[in-house]
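Participant: model the structure of this input:
(one chain, ligands or ions: 2)
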Amino acid sequence: MNELLTAAQMRAIEQAAIDSGAVTGLELMERAGAGVVEAIYEEWPAFSKPDGENEQKPRLRAVVLCGPGNNGGDGFVVARLLHQRGWVVEVFLYGDADKLPPDARVNYEKWCEIGEVLPWEKCTSDRWGRHPLVIEALFGTGLTREVPDDIRNVLLATLNCRRVAVDLPCFINSDTGAVLMEWPQNLSGVSAGHVTVTFHSHKHGHLLGAGAALCGQVVVKSIGLEFCYEAIGATTAEVFPYLIGKLQGQRLSKIPSAHKFTHGHALILSGGPAQTGAARMAARGALRIGAGLVTLGVPPTAQQEVAAQVTAVMLKRIADADALSDVLEDKRINALCLGPALGLGEREANLIRVALESGRNCVLDADALTLIARDKDLFEKLHPDCVLTPHGGEFARLFPDIAAKLDAPATKGPAYSKIDATREAAKRAGCTVLFKGPDTVISDQTGVASVNAAVYDRTVPWLATAGSGDVLAGFITGLLARGFSPVHAAEGAAWLHVECARHFGPGLIAEDLPEQLPAVLQSLSGSDQGNAV
Ligand SMILES: NC(=O)C1=CN([C@@H]2O[C@H](COP(=O)(O)OP(=O)(O)OC[C@H]3O[C@@H](n4cnc5c(N)ncnc54)[C@H](OP(=O)(O)O)[C@@H]3O)[C@@H](O)[C@H]2O)[C@@H](O)CC1
Ligand SMILES: [K+]
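Facilitator: Ligands and ions are numbered 1, 2, ... in the order given. Below you'll find the model as predicted:
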């Protein structure tokens with residue numbers, strides 16, 4: 001599944017399944033526990049090696065930490081299933097067994113027929129050396145507040161063990177990715193688990209915010225709920241954001257009989273002298289991603305500088321807003337990009353005004369975002385064919401109240417997430433917003449939202465380099481010129497941007513990004529496994 005669910009949506013889907021009579025809560029819990037055990041053997045195949053002749057081989061040992069809700073119930077199932085496979089399992093319960101919810105209680109009792117449930121006070125750090133595997137089933141989607149210190153101390157003591165988190169690491173808010181536990185500074189870069197096994201679909205918290213860096217890798221296991229979407233009346237994209245997956249190669253390939261104008265004409269406006277590099281990089285990106293023609297619009301004072309540096313990209317003098325209006329008489333120009341090192345003066349504000357009034361596809365980045373944040377009239381000219389590409393600072397300038405809600409300290413769940421914030425911003429702006437980060441969130445004005453996650457196997461810290469945002473703006477502009485809708489252009493560009501960084505690897509500088517596109521596009525050609533764009 002590529003839909004991303006909130007805790008409430010997951011509960012609703014489970015409830016719909018149970019209400020339909022197709023499955024019981026207990027069966028779902030059993031499947032969840034079985035999914036965790038399956039993931040353990042997939043992650044560490046050595047666990048399934050037969051003992052062979054060696055009767056002396058010590059039995060595998062695990063400790064299962066169970067919490068007071070159904071997440072703990074999953075833990076009791078895992079303990080039982082591991083025991084059935086010959087493991088020595090030690091189980092701890094945080095909380096009162098008499099208060100466990102019914103399904104968890106059933107599995108608690110089943111475990112009690114097998115072994116002891118130890119009280120939390122006995123969960124001391126001297127135990128970890130004996131247990132190569134720790135299964136954490138303390139809290140999942142039901143986490144509602146900061147994790148108490150007596151749990152935190154235990155978790156920190158297990159960091160050298162192999163760890164599996166059931167559904168989510170117990171301190172991550174499933175709707176926002178916020179970390180509801182003080183995480184030691186000296187442990188940044190250490191993940192909280194080797195593997196997080198979740199059910200049915202990713203939750204928002206697996207991909208957003210600080211949480212994503214602390215899940216280890218996330219494995220999604222089916223528990224047979226695929227049929228339940230219609231039951232909760234939630235089949236539309238406005239309800240479920242999705243994780244952007246591999247692009248379909250054929251969406252990016254060109255029609256053999258086409259000529260250059262078939263693939264659109266992008267116009268990218270440059271800043272003045274010594275400020276032209278950003279627009280040149282954007283232009284290179286737009287051209288490499290397949291726009292038929294790309295023109296740099298330059299102020300006369302920068303014309304010589306730019307002319308000396310470009311070849312396939314064309315050049316046009318654009319002194320002011322009137323000149324831009326004249327250039328836009330050419331109706332073949334179908335995508336504009338304003339912002340990368342554009343400048344913050346009146347001339348630039350007027351350029352933006354003309355660009356927006358032309359009704360063309362328009363990417364607004366960097367300085368253009370600052371200008372529309374300052375000028376209410378400009379902001380009101382935004383229309384559905386625009387794409388805004390703010391990073392956190394620019395987002396806060398454009399949407400201060402929304403940013404304040406997003407930045408409010410997360411002490412409880414459910415809470416306001418980056419997906420909520422981007423959707424609200426896009427609705428207010430009346431266009432597509434791409435809110436940058438390792439968890440880039442994209443939403444159009446109707447609420448269709450997606451996440452381009454540069455986390456887990458797509459982590460690219462070297463993408464945080466000067467000018468990489470300019471190239472991204474160019475990629476979006478190029479795809480708009482090629483006829484992609486604003487939201488699909490933003491999604492495709494964001495995904496390819498990360499793929500280019502992955503293809504190059506460490507040492508990347510922004511100029512390298514467009515140059516990776518031929519290889520990345522080549523690797524996609526013929527692929528039809530895409531699901532987002
Ligand atoms: N529903 C189903 O059919 C299925 C559900 N499944 C599983 O169930 C999980 C969701 O279960 P859940 O809703 O019971 O929530 P869960 O995460 O166990 O936590 C709730 C408990 O924790 C407590 N608590 C919370 N925060 C706390 C804190 N900081 N410090 C201390 N206590 C805190 C909270 O206490 P309270 O707030 O009520 O005082 C309550 O007792 C889900 O993640 C998945 O693993 C699967 O089996 C598939 C089928
Ligand atoms: K957990």
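
Participant: Gly359 contacts Lys381, correct?
Facilitator: No. Using Cβ atoms under 8 Å, Gly359 makes no contact with Lys381, being 9.8 Å away. (Each C-beta comes from the backbone N, C-alpha and C, glycine too.)

Participant: neighbour count winner among these two?
Facilitator: Lys381 (17 against 13; other Cβ atoms under 10 Å).

Participant: host element of the nearest residue to the more buried one once chain neighbours are set aside?
Facilitator: Spatial nearest neighbour of Lys381, chain neighbours left out: Leu356 (4.0 Å); criterion: Cβ to Cβ, 6 or more residues apart in numbering. Using DSSP states H and E, Leu356 maps to helix 346-357.

Participant: buried residues in that helix, which are they?
Facilitator: Buried residues in helix 346-357, counted by 16 or more other Cβ atoms under 10 Å: 348-356.

Participant: which SS state does Glu90 fall under?
Facilitator: Judged by DSSP: H, G, I helix; E, B strand; the rest coil, the three-state class of Glu90 is strand.

Participant: just to revisit the earlier point, make a markdown table from the buried residues of helix 346-357 and add distance to Pro132 to it.
Facilitator: Output for the buried residues of helix 346-357, formatted as a markdown table (distance: Cβ to Cβ, whole Å):
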| residue | distance to Pro132 |
| --- | --- |
| Glu348 | 61 |
| Ala349 | 63 |
| Asn350 | 66 |
| Leu351 | 63 |
| Ile352 | 60 |
| Arg353 | 65 |
| Val354 | 66 |
| Ala355 | 61 |
| Leu356 | 60 |
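
Participant: out of the residues you listed, flag the one nearest to ligand 1.
Facilitator: Within those, the smallest distance to ligand 1 is 45.6 Å, found for Leu356 (Cβ to the nearest ligand atom).

Participant: what's the per-residue pLDDT of the closest one here?
Facilitator: In the prediction, the pLDDT value recorded for Leu356 is 98.

Participant: so it makes contact with Pro384?
Facilitator: No. The pair Leu356 / Pro384 is not scored as a contact, 11.8 Å apart, by Cβ under 8 Å.

Participant: who in this protein is up against ligand 1?
Facilitator: Residues of the chain lying close to ligand 1 (Cβ under 6 Å from any ligand atom) are 14, 25, 28-29, 32, 67-74, 101, 139-148, 166-167, 199, 223.

Participant: still on that earlier bit, ok, which pair from the buried residues of helix 346-357 is furthest apart?
Facilitator: Using Cβ to Cβ, those reach their maximum pairwise distance at Glu348 and Leu356, which is 12.8 Å.

Participant: scan the helices and strands of this structure for the one with the lowest mean pLDDT.
Facilitator: Lowest mean confidence among the helices and strands of the chain (mean pLDDT, DSSP states H and E): helix 249-252, at a mean of 67.

Participant: next SSE downstream of that helix?
Facilitator: Following helix 249-252 in sequence order, the next helix or strand is strand 265-269 (DSSP H and E).

Participant: so which elements touch the helix holding Leu356?
Facilitator: helix 321-327, strand 333-338, strand 361-364, helix 366-374, helix 376-380 (3 or more Cβ pairs under 8 Å, 6 or more residues apart in numbering; DSSP states H and E).

Participant: could you export those as a markdown table, including distance to Pro514?
Facilitator: Below are these laid out as a markdown table (distance: least, Cβ to Cβ, whole Å):
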| stretch | distance to Pro514 |
| --- | --- |
| helix 321-327 | 24 |
| strand 333-338 | 14 |
| strand 361-364 | 15 |
| helix 366-374 | 17 |
| helix 376-380 | 29 |
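
Participant: just name the most buried of the ones you listed.
Facilitator: Mean neighbour count, computed with mean count of other Cβ atoms under 10 Å, is highest for strand 361-364 among the helices and strands packed on helix 346-357, reaching a mean of 30.

Participant: low-scoring pLDDT stretches of the stretch 51-200 of the chain, where are they?
Facilitator: Within the stretch 51-200 of the chain, the ranges that satisfy pLDDT under 70 run 51-57, 125, 129-131, 186-193.

Participant: would you mind listing what in it touches ligand 2?
Facilitator: 140, 165-166, 170 (Cβ under 5 Å from the ion).

Participant: at 6 Å instead, please
Facilitator: Contacts of the stretch 51-200 of the chain with ligand 2, taken as Cβ under 6 Å from the ion, map to 71, 136-140, 165-168, 170.

Participant: return the subset of these lying in strands.
Facilitator: Of those, the ones assigned to strands by DSSP state E are 136-137, 165-166.

Participant: kind regards, and thank you for your time.
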